[in-house]
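K.L.:
missing the sequence, but the structure's below:
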């Protein structure tokens, strides 16, 4: 147990924190849980000055939208294109059955691969795809996400796909009105 009156410090180093008012515990939870679901107005007001970019990590905001995930070896190039078009997506994130991330494809790269004698998903991968480590703090990934034309894949220490951080989900997290 570590006691601090410095909220930023508590948010940074505490796995779970307790908010007290007048000697009683008002709410206990992870920083993410408390930021997203404050128990009452006191807790909400207590967190108004918190910089979420130093609290949240990539894993906290990554979205795992199945419509953009294409399982490796089970979907051919044509099926991958169709899935992306069905869900009005430009990019797809290729994983295997063990949820390990393999690459990013686009409608454009898949369409080009269709012209090959034996089209494969792996040859349609985008070059130089940057992945985000699941534990990367938001303030360290803002530049990379802003510079990318697609949502960046988030992977854990075992290279398992956690989800995608897009410009939209990053901005929603940084906008204190939606947290």
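P.N.:
Looks like it came in fine. The model shown is predicted, which means the values in this text are computed figures rather than measured ones. Numbers count the residues shown, from 1 in each chain.
K.L.:
Would you mind checking which helix or strand in this structure has the lowest mean pLDDT?
P.N.:
strand 69-71 (a mean of 72; mean pLDDT, DSSP states H and E).
K.L.:
Strand partners (parallel or antiparallel) of that strand?
P.N.:
When pairing is defined by DSSP bridges, strand 69-71 lines up against strand 91-95 (parallel).
K.L.:
who touches the partner strand?
P.N.:
Strand 91-95 has contacts (CB atoms under 8 Å, 6 or more residues apart in numbering) with 68-72, 80, 83-84, 101-107, 110, 121-122, 125-126, 150-151, 153, 161, 164. Just so you know, the C-beta spots here come from the backbone N, C-alpha and C atoms, and that holds for glycine as well.
K.L.:
Name the nearest residue to the most centrally placed residue in the chain, sequence neighbours excluded.
P.N.:
Nearest to the mean C-alpha position of the chain, by CA atoms, centre = their mean, lies residue 62 at 1.5 Å. Counting by CB to CB, 6 or more residues apart in numbering, residue 163 is the residue found nearest to residue 62 once chain neighbours are left out, at 3.1 Å.
K.L.:
Distance-wise, check the residue nearest to the centre of the chain relative to residue 122.
P.N.:
Separation of residue 62 from residue 122 (CB to CB, to the nearest Å) stands at 23 Å.
K.L.:
residue ranges with poor pLDDT in this protein?
P.N.:
Applying pLDDT under 70 to the chain flags the ranges 2, 66-68, 72-75, 176-179.
K.L.:
Walking through it, point out its strands one by one.
P.N.:
17-21, 24-29, 69-71, 91-95, 101-106, 132-133, 152-155, 161-165 (DSSP state E).
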